[in-house]
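Undergrad: when you get a sec, could you give me coordinates for this:
(chains A and B)
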Amino acid sequence: NAGVTQTPKFRILKIGQSMTLQCTQDMNHNYMYWYRQDPGMGLKLIYYSVGAGITDKGEVPNGYNVSRSTTEDFPLRLELAAPSQTSVYFCASSTPPVSSYGYTFGSGTRLTVV
Amino acid sequence: KQEVTQIPAALSVPEGENLVLNCSFTDSAIYNLQWFRQDPGKGLTSLLLIQSSQREQTSGRLNASLDKSSGRSTLYIAASQPGDSATYLCAVLTGANSKLTFGKGITLSVRP
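TA: Numbering: from 1, shown residues only, chains lettered A, B, ... in the order given. Model (predicted):
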């Protein structure tokens, strides 16, 4: 019962570098989400997907890209990393009816950009 | 735009006290409301989910209520223990694509 798996758990990037945060789920959930959490703040939605091949922007999409080629995987790409992207990133998944089942979260990726 | 507010940001209580954590939201057209627990440096653990048609949910020493019309929810923790120390996040589900909007959380410290 793996649920939602995120890798890596920690990463330090230099300004201008790029990286991909991996997220995979084994629950056959259609909906997947990427959130970021800054200290003392709630989680803010970056991107989300309602199925393979379908993605859309959330509240704070600038500086990020996503793709959803399979139901299981929803990677988040950071291009030209900036200090403002230092944060903890959470991936989540859910299945309709979401009103009944809620979200399942991964354990997070802690990213520092220096 | 949905906004979720949790006040106060931090709370410190002695062990054994019954306590209430509050959450308010601006748009009452929600599908559900979830309470999460987050330990320092860790991910989110779902505690309780209340669907829009429900008034409350209970799990052990936790009870969450929902008053959709007034845009409020409370999380009641009975007989608090030091192990309850964590940040408690409230989130509401709204919108056509089922997006969760989070409050900033309440950091609870239970003193032995």
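Undergrad: next secondary structure after the worst-scoring helix or strand of chain A on mean pLDDT?
TA: Between all helices and strands in chain A, the lowest mean by mean pLDDT, DSSP states H and E belongs to helix A:98-101, at a mean of 70. Tracing the chain past helix A:98-101, the next element assigned as helix or strand by DSSP states H and E is strand A:104-105.
Undergrad: does anything pack onto the next helix or strand after that following strand? Which helices or strands?
TA: Downstream of strand A:104-105, the first helix or strand assigned by DSSP H and E is strand A:109-113. Under the contact criterion of 3 or more CB pairs under 8 Å, 6 or more residues apart in numbering or on different chains; DSSP states H and E, strand A:109-113 touches strand A:10-13, strand A:19-25, strand A:87-94. Every residue, glycine included, has its C-beta placed from N, CA and C.
Undergrad: tell me the strands beside the longest one, with direction?
TA: Translated: strand A:87-94. strand A:31-37 (antiparallel), strand A:104-105 (antiparallel), strand A:109-113 (antiparallel) (DSSP bridges).
Undergrad: between that strand and strand A:19-25, how many degrees?
TA: 30 degrees (axes from the mean of the first three to the mean of the last three CA atoms, to 10 degrees).
Undergrad: where in chain B is the helix or strand with the lowest mean pLDDT?
TA: Per mean pLDDT, DSSP H and E, strand B:99-102 ranks last in chain B, at a mean of 88.
Undergrad: show me the strands in chain B, by range?
TA: Along chain B, the segments classed as strands by DSSP state E run B:4-5, B:10-14, B:19-25, B:32-38, B:44-51, B:56-59, B:62-67, B:72-77, B:86-94, B:99-102, B:106-111.
Undergrad: for chain B, what are the nearby residues on chain A?
TA: Within chain A, the positions near chain B by CB under 8 Å from any CB of the partner chain are A:31, A:33, A:35, A:40-45, A:48, A:50, A:56, A:58, A:90, A:92, A:94, A:96, A:98-100, A:102-108, A:110.
Undergrad: pLDDT weak spots in chain A?
TA: A:1, A:98-99 (pLDDT under 70).
Undergrad: so which bits of stretch A:32-39 are buried?
TA: A:32-37 (16 or more other CB atoms under 10 Å in any protein chain shown).
Undergrad: before we move on, back to that, among the helices and strands packed on strand A:109-113, which is the most enclosed?
TA: Per-stretch averages of neighbours, counted by mean count of other CB atoms under 10 Å in any protein chain shown, single out strand A:87-94 among the helices and strands packed on strand A:109-113, with a mean of 24.
Undergrad: what sits up against it?
TA: A:4, A:6, A:21, A:23, A:25, A:27, A:29-38, A:43, A:46, A:74, A:76, A:101-106, A:108-111, B:43-44, B:98, B:100 (CB atoms under 8 Å, 6 or more residues apart in numbering or on different chains).
Undergrad: same deal with stretch B:94-101?
TA: With contact meaning CB under 8 Å, 6+ apart, stretch B:94-101 is reached by A:31, A:33, A:43, A:45, A:48, A:50, A:56, A:58, A:92, A:94, A:96, A:98-99, A:103, B:2-4, B:25, B:27, B:29-31, B:34, B:91-93.
Undergrad: recalculate using a threshold of 6 Å.
TA: A:45, A:50, A:98, B:2, B:4, B:30, B:91-93 (CB atoms under 6 Å, 6 or more residues apart in numbering or on different chains).
Undergrad: please apply the same query to stretch A:35-46.
TA: So stretch A:35-46 is in contact with A:34, A:58-61, A:64, A:87-90, B:99, B:102-104, going by CB under 6 Å, 6+ apart.
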